[in-house]
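> need the 3D shape of this:
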Amino acid sequence: MERLNFEDDRLWKGLLIFGILLNIIVCFTSDLGLDTQVKMAVDENGALPWGDLRPDTLGESDPTDGGQRTVLPLYGMSEEGIKAIAFLTFVGLIACMFRWGGVRSAAILSLSPAFIFSVGRGYEEVYLAVFCAASFFLLSGLLTTRYRILQNFGAGICFMMMAYAKGFTDGMGVAYGAFILATLATLWMEIQQRGGAKTRWMSQPHFVALVVASTVSLCMVVLGIIGYNSTLSILAESPVRYTTAFAFSLLDLVVIFTLFGMVAWPFILPLLKALTTIEDSNIAVMTGFIVGIMTALVFYVAALWTYEASIWGAQWPGIIWTMGNNGRYATMLFIPLFLLLRQLSQQVELPTYDAPLSKAKVMGLTVLLLLPLSLLASFHGQTMWTDEAAESMNLAEGDAFLFVSEDTLGMHWLYTFYAPLDAEEKKITGHWRSIDSTWESELNSTLSQVSTLVTSPDITFTPRGWIVESRGEVDLLNGGGEWRVLTRS
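This is a model prediction of the structure:
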């Protein structure tokens with residue numbers, strides 16, 4: 001460790017090249033993630049052909065109710081295409097960081113375990129980062145101080161594209177949302193400029209951060225109470241469990257994925273001190289932007305954990321370990337945080353990623369501590385035993401099969417069969433049942449058309465009238481055990 005010179009750009013250039021290499025490797029070692037495979041199955045009408053991920057009847061799929069989802073058009077591409085677009089987009093982000101900041105910030109971004117994880121699985125974190133950075137640039141006027149109303153509208157579109165990428169809204173929702181956000185941003189500027197001493201607080205970053213965090217928190221609570229959607233409504237339905245989830249969400253997003261995962265903790269105290277000592281309307285907007293998104297993310301992830309645990313009947317708080325990687329959503333704020341530090345450093349003496357001052361060694365050691373996680377994310381990747389199971393299934397056109405597993409992510413795992421079976425072309429129908437359902441009796445009644453049964457490692461017995469055609473081992477990180485494909489005897 002003593003021989004490492006964290007002031008030497010050659011070390012950081014090596015780390016940058018290594019980070020890009022890890023992102024290339026993960027494209028070959030990792031299968032697409034569960035959410036990505038679900039999105040690939042969405043049809044042209046926005047429905048899922050084998051039933052929505054959250055069926056009305058717990059523990060069983062309903063192919064007649066495909067729900068309604070919005071996905072980015074790129075999920076209609078092949079696995080290779082999805083990974084290629086994600087990788088090239090991420091490389092573009094790294095290039096921008098190198099151009100705007102320097103080799104250190106670019107290297108840290110390239111080595112981010114969360115981004116490596118997302119690139120290999122084809123998740124939308126890289127696109128969220130692009131939309132977030134573009135919205136931040138336009139809203140704060142970093143590129144130019146002209147055409148602010150037009151910039152606000154562009155910022156609104158980019159901001160709503162994050163919601164579009166996550167399937168929270170459609171094209172019309174993007175337009176409406178952009179108009180509302182642009183109007184609010186423009187009003188904010190007008191009030192701040194015309195208010196004089198009464199609006200001085202709007203130029204104080206720490207005060208704006210407090211106001212934005214309080215407003216966003218209140219909005220999230222109100223949306224939960226009025227039942228805006230099923231996920232947020234869990235806030236009112238299970239307040240005690242939600243409170244526990246909120247604490248873990250705060251730890252997951254702010255501490256693990258931001259302060260540590262984004263190597264931000266060496267700068268946090270100087271940053272907070274600087275924000276309380278200056279008055280600058282643009283920096284106040286930047287601060288409010290970052291704090292607002294982080295606050296919303298903490299509330300949303302806590303609600304997601306609580307809701308999914310309730311519909312899966314999952315053990316609490318064990319589900320948090322299963323879904324802890326949702327904290328990766330915080331990565332969209334890496335570039336805004338980097339830009340805020342850079343902008344502040346022009347007014348006060350402040351360490352940044354590319355000019356860390358006394359924080360150079362601490363920053364470098366944090367990167368080295370993250371390297372094992374980066375290596376694990378790259379060389380292990382996502383593994384899907386369902387690929388092998390699908391290859392062993394002898395299904396003809398129009399056939400149906402039943403997949404039986406535990407409730408947690410059961411419907412997600414069902415859709416990992418969709419692409420390997422070429423289900424769209426062959427018109428194959430997949431059904432899912434929880435291990436706690438009456439699936440055995442249904443095989444001779446409502447599911448009598450099913451000729452093939454796939455059991456997860458949770459099922460160890462052979463139902464009467466069925467024989468095992470093939471079997472295989474599940475990767476340890478996916479729980480281990482044996483999967484089986486059975487047919488009627």
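> where do the strands sit along this protein?
400-405, 429-434, 452-455, 466-473, 482-488 (DSSP state E).
> what pLDDT does Gly261 get?
pLDDT for Gly261: 94.
> what's the closest non-adjacent residue to it?
Distance criterion C-beta to C-beta, 6 or more residues apart in numbering; nearest residue to Gly261, sequence neighbours excluded, is Ala114 at 5.6 Å. In this view, the C-beta of every residue, glycine as well, is placed from N, C-alpha and C.
> let me know whether the one you found touches Glu125 as I believe.
Yes - counting by C-beta atoms under 8 Å, Glu125 is a contact partner of Ala114 at 6.9 Å.
> the two: which has the busier surroundings?
Legend: neighbour count by other C-beta atoms under 10 Å for Ala114 and Glu125, higher for Ala114 (25 against 22).
> list the contacts for the residue nearest to Gly261?
Taking C-beta atoms under 8 Å, 6 or more residues apart in numbering, we find Ala114 in contact with Glu125, Phe257, Gly261, Asn325, Gly327, Arg328, Ala330, Thr331.
> just the buried residues of the residues you listed.
Using 16 or more other C-beta atoms under 10 Å as the burial test, the contacts of Ala114 include Glu125, Phe257, Gly261, Asn325, Gly327, Arg328, Ala330, Thr331 as buried.
> could I get these as TSV with distance to Thr366?
Shown next, in TSV, are the buried ones among the contacts of Ala114 (distance: C-beta to C-beta, whole Å):
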residue	distance to Thr366
Glu125	21
Phe257	13
Gly261	10
Asn325	20
Gly327	17
Arg328	18
Ala330	16
Thr331	16
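> the protein - how does it break down into domains?
Taking automatic domain parsing as the domain assignment, the record places the domains of the chain at 1-30+70-194+351-382, 206-330, 385-488.
> was I right to think Ala355 contacts Ser345?
Yes - Ala355 is in contact with Ser345 according to C-beta under 8 Å; the separation is 6.8 Å.
> kindly provide the distance from the nearest residue to Ser470 once chain neighbours are set aside to Ala47.
Nearest residue to Ser470 in three dimensions, chain neighbours excluded: Ser392, at 3.9 Å (C-beta to C-beta, 6+ apart). Distance of Ser392 to Ala47, computed by C-beta to C-beta, to the nearest Å: 29 Å.
> cool, Val454 as well?
From Val454 across to Ala47, the span is 23 Å (C-beta to C-beta).
> neighbour count for these two, which is higher?
In terms of neighbours (other C-beta under 10 Å), Val454 is the more surrounded of Val454 and Ala47; the figures are 25 against 16.
> number of nearby residues for Lys273?
Neighbours of Lys273 using other C-beta under 10 Å come to 12.
> then Leu150?
Leu150: 11 surrounding residues under other C-beta under 10 Å.
> can you give me the distance of it to Gln192?
From Leu150 to Gln192 the distance is 18 Å (C-beta to C-beta).
> tell me which of the domains of the chain approaches Gly59 most closely.
domain 385-488 (3.5 Å; C-beta to C-beta).
> the closest one: end-to-end distance?
Start-to-end span of domain 385-488 (C-alpha to C-alpha, to the nearest Å) is 22 Å.
> report the rounded mean pLDDT for it.
92.
> what does stretch 20-27 give?
Across stretch 20-27, the average pLDDT comes to 97.
> which residues touch it?
By C-beta under 8 Å, 6+ apart, the list of residues contacting stretch 20-27 from outside reads 83-84, 87, 90-91, 94, 110-111, 115-117, 119-120, 374-375, 377-379, 381.
> residue contacts, the residue nearest to Ser470?
Listed by C-beta under 8 Å, 6+ apart, the contact set of Ser392 reads Glu469, Ser470, Gly472, Val485.
> the first one: how many residues sit nearby?
Read that as Glu469. Counted with other C-beta under 10 Å, Glu469 comes out at 14.
> cool, and the third one?
When counting by other C-beta under 10 Å, one arrives at 13 neighbours for Gly472.
> who does it form a beta bridge with?
Taking DSSP bridges as the rule, Gly472 bridges to Trp483.
> I figured it hits Asp387, correct?
No - contact between Gly472 and Asp387 fails when scored by C-beta under 8 Å: they sit 10.1 Å apart.
> wouldn't Thr429 be in contact with Ala400 here?
Yes - using C-beta under 8 Å, Thr429 is in contact with Ala400, at 4.3 Å.
> tell me what the longest helix anywhere in the chain is packed against?
Longest helix of the chain, by residue count under DSSP state H: helix 281-312. Helices and strands touching helix 281-312, by 3 or more C-beta pairs under 8 Å, 6 or more residues apart in numbering; DSSP states H and E, are helix 125-140, helix 205-225, helix 230-237, helix 239-250, helix 318-322, helix 334-345.
> hey, least reliable of those by pLDDT?
With a mean of 75, helix 318-322 has the lowest mean pLDDT of those.
> list the buried residues for that one?
Buried residues in helix 318-322, counted by 16+ other C-beta under 10 Å: Ile319, Ile320, Thr322.
> what's the neighbour count on the closest residue to the last one other than its chain neighbours?
Counting by C-beta to C-beta, 6+ apart, Thr322 lies nearest to Thr408, which is 6.3 Å off, once chain neighbours are set aside. By the criterion of other C-beta under 10 Å, Thr408 has 19 neighbours.
> for Val474, grab phi and psi.
The phi/psi pair for Val474 (degrees, to the nearest 10) reads phi -90, psi 140.
> show me what contacts it?
Trp385, Ser456, Pro457, Gly480, Gly481, Glu482, Trp483 are the contacts of Val474 under C-beta under 8 Å, 6+ apart.
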